[in-house]
Every structure is written in structure tokens, then in C-alpha cells.
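got a predicted model here, sequence first, then my questions.
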Amino acid sequence: MTQGDSHLLSLRASGGRAPLFCAYVPKEFAIAIKDEHPVYGFSPKLELELQLPTVAHLATIFLDEILKIRHKGPYFLCGYSFGGLVVYEVATRLIKAGEEVRLLALFDIPHPQFKSNLSKADLIEFQVKFLIDRCKKYMSNLTSGNFRNAFADFRAFIVTRFRTITWIAAQRVFHKAKKPPKILQSDSEAISAAIRVYVPEIYTGKLVLFRAQDRRAEYDNDPTLGWRVCVTGKIDIHKVDEIHANMFCEPCLRTITEQVNGYLND
């Protein structure tokens, strides 16, 4: 991916008001946004051959393309999952440049340094809740005879973390190679690695956070999913009665877009 390429798609060109810029948000969401606002979507194919993709790198490309369309605020931004980190970085840069960000909406993405920002006591509580929750899940599968599901959950827990750590280390070794090993060319691993190393800066504006129902018990003590440590403005929290992967399915899609449309009127 090069900065000369265009990765910003026009999901709806009509509308005379300020556009809504989205990162990794499905087209169904864009269609349901008010007709007065054009909608653009950013969802690039990650370039894995030359470097380890980072949130900052993607935000630079996204912001450059936003400025080609709209040179002056107010700006409306939203991002789903990993895309939330990209729009957060874009928003902090716009604020630093003296621009107005009227909407920054994140769809179910915790602060990537959530655990690092906890006190020692809170971290212990977080880890205990994490272990209890996972044990309950595994024991439920075992006691009900779902041995295959129990094994699959445990294997996924171990393998996911091992692959991410290994991928980061291997990318650093092979980042200058013309043809790195095929195993390194994985968007999912690249995104996991980018999330782990991103450190959000202070954001002085208002944040709108949509939180899915399947966030585990260890996040119960902080409804902001960790964002309160770096957002100095107000944080509006909306709970979505669906799991992360299905947030943009009906009837939740209608509810989410109605709430976002309300902010577009601000």
C-alpha cells in the first residue's frame, strides 16, 4: 500500500452537508446514514511485504485522503474495531491542527493499552475476572459434554496469542526481505500486532463509544473500555445488544444508525 493509492471509497456521494468518514465500517451502515451526509469508507488492503503496518501509518494515509475531499472542519469520523483506532489517531491529529471534530465514534474497540494503564490492584482484579470467566466457559463445555468446544476454545486462546507474538518477532527479522515468508502475509496477524503496539495520545474532544454485549466480565469495572485515561472530554457510552461480530446486523444496525444520526444533528 502506498500513499499515492486511493483507499477511500465513496459509499454514498449525495448530500450537501459535511461527509461522514468511516474506517472498516460495513456498507450497510453507510446506506442507513442520513441522506444529507455523503459517506466515505476507508478499508485498505494492508501492505505486508515491506513493513509492519501501524495505526499511525494508516492514519496518515486516511487523513491525507480526507483532506483531499474536505479541507476544513467540522469533521465526522467513525470506526469499527481496529478502524476505531485509526479514526482516533486521525481525530487527535485534526484537533492538534486546530480543526473541529464534531463526531468521533468508536464501535467496540478497547483502549489497546487497557491493562497497562491499570493500577496493580485493578490489574490483579482484571486478571482474576478474566481467568474465572474463561474457566466458567471451559467448565460449562466440559460438564455438558462438549469436549470438542472446550478443546477448541483452549486451543484458540493459546494459538492466537502465540501467533501474534511470533508474527511480530518474525516481521522484524524479515521486514527488509523482498519476499518474506508467506506465513507473514496475514491481515489478521498484522492488525493484532498493530493494536498491541499502538499508544493513543490525549484527545480533548468528545468521544462516542458503542460497546457490544459480549465484552467479558473483566471490562465491567470500566464501561469506557479504558478510554477514560486519554479522553479529557465527555464520553457517551451506548450498549449494543449484540456480539461484536454482529453489531451491524438488524435490528442493531437500525438502532446504531439512529444514534449516530442524532450526533450528526449536533
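That came through fine. None of these values were measured; they are calculated from a predicted model. Numbers count the residues shown, from 1 in each chain.

on the three-state scheme, T224 is what?
coil (DSSP: H, G, I helix; E, B strand; the rest coil).

correct me, but it touches R215?
No. Using Cβ atoms under 8 Å, T224 is not in contact with R215; the gap is 11.3 Å. The way it works is simple: take the backbone N, C-alpha and C, and place the C-beta from them, glycine included.

mind listing the helices for this structure?
Under the criterion DSSP state H, the chain contains helices at 27-32, 55-69, 82-96, 120-143, 147-174, 187-197, 252-264.

who are the packing partners of the shortest one?
Where contact means 3 or more Cβ pairs under 8 Å, 6 or more residues apart in numbering; DSSP states H and E, helix 27-32 is packed against strand 8-12, strand 20-23, strand 39-42, helix 252-264.

contacting residues around the nearest residue in space to T255 that is not next to it in sequence?
Take T255 and drop its neighbours on the chain: the residue closest to it by Cβ to Cβ, 6 or more residues apart in numbering is V240, 7.4 Å away. For V240, the contacting residues are D108, F210, R211, A212, Q213, M247, C252, T255, I256, by Cβ atoms under 8 Å, 6 or more residues apart in numbering.

please report how far the last one lies from F82.
Just to be clear, that refers to I256. Distance of I256 to F82, computed by Cβ to Cβ, to the nearest Å: 18 Å.

what about H238, how many residues close to it?
As a burial measure, H238 scores 14 neighbours (other Cβ atoms under 10 Å).

looking at the helices and strands packed on helix 27-32, spot the one closest to P112.
strand 20-23 (15.1 Å; Cβ to Cβ).

where among the helices of the chain is the average confidence lowest?
Ranked by mean pLDDT, those bottom out at helix 147-174, which scores a mean of 58.

could you report the pLDDT at S43?
pLDDT, read off for S43, is 81.

any idea how far the residue lying closest to it once chain neighbours are set aside lies from I202?
The spatial neighbour of S43 that comes closest, neighbours along the chain excluded (Cβ to Cβ, 6+ apart), is Y24 at 5.2 Å. Look at Y24 and I202: by Cβ to Cβ, they are 24 Å apart.

okay, the two: which has more neighbours?
Set Y24 next to I202 and count neighbours by other Cβ under 10 Å: Y24 wins out with 21 against 11.

now do the same contact list for that one.
Neighbours of Y24 in contact, by Cβ under 8 Å, 6+ apart: F42, S43, G79, Y80, S81, F82, G83, V86.

from what I can see the second one touches A23, true?
Meaning S43. Yes. With contact defined as Cβ under 8 Å, S43 and A23 form a contacting pair (7.0 Å).

who has more neighbours out of these two?
A23 (29 against 16).

check the spatially closest residue to D236 that is not a sequence neighbour and give its pLDDT.
Closest residue in space to D236, ignoring its immediate chain neighbours: V208 at 4.8 Å, by Cβ to Cβ, 6+ apart. With respect to pLDDT, V208 has a value of 98.

so what's V208 bridging to?
A105, D236 (DSSP bridges).

separation between it and D35?
21 Å.

who's more crowded, those two?
Regarding V208 and D35, a neighbour count based on other Cβ under 10 Å identifies V208 as having more, with 19 against 12.

what's near enough to touch that one?
L103, L104, A105, L106, I235, D236, H238, V260, Y263.

could you do H238 as well?
When contacts are counted by Cβ under 8 Å, 6+ apart, H238 touches V208, L209, F210, R211, I256, Q259.

show the buried residues in the residues you listed.
V208, L209, F210, R211, I256 (16 or more other Cβ atoms under 10 Å).

what about C249, neighbour count?
12.

any idea how far the nearest residue to it once chain neighbours are set aside lies from R254?
In this structure, C249 finds its nearest non-sequential neighbour in E242, 6.7 Å apart by Cβ to Cβ, 6+ apart. Computed as Cβ to Cβ, the E242 to R254 distance reads 12 Å.
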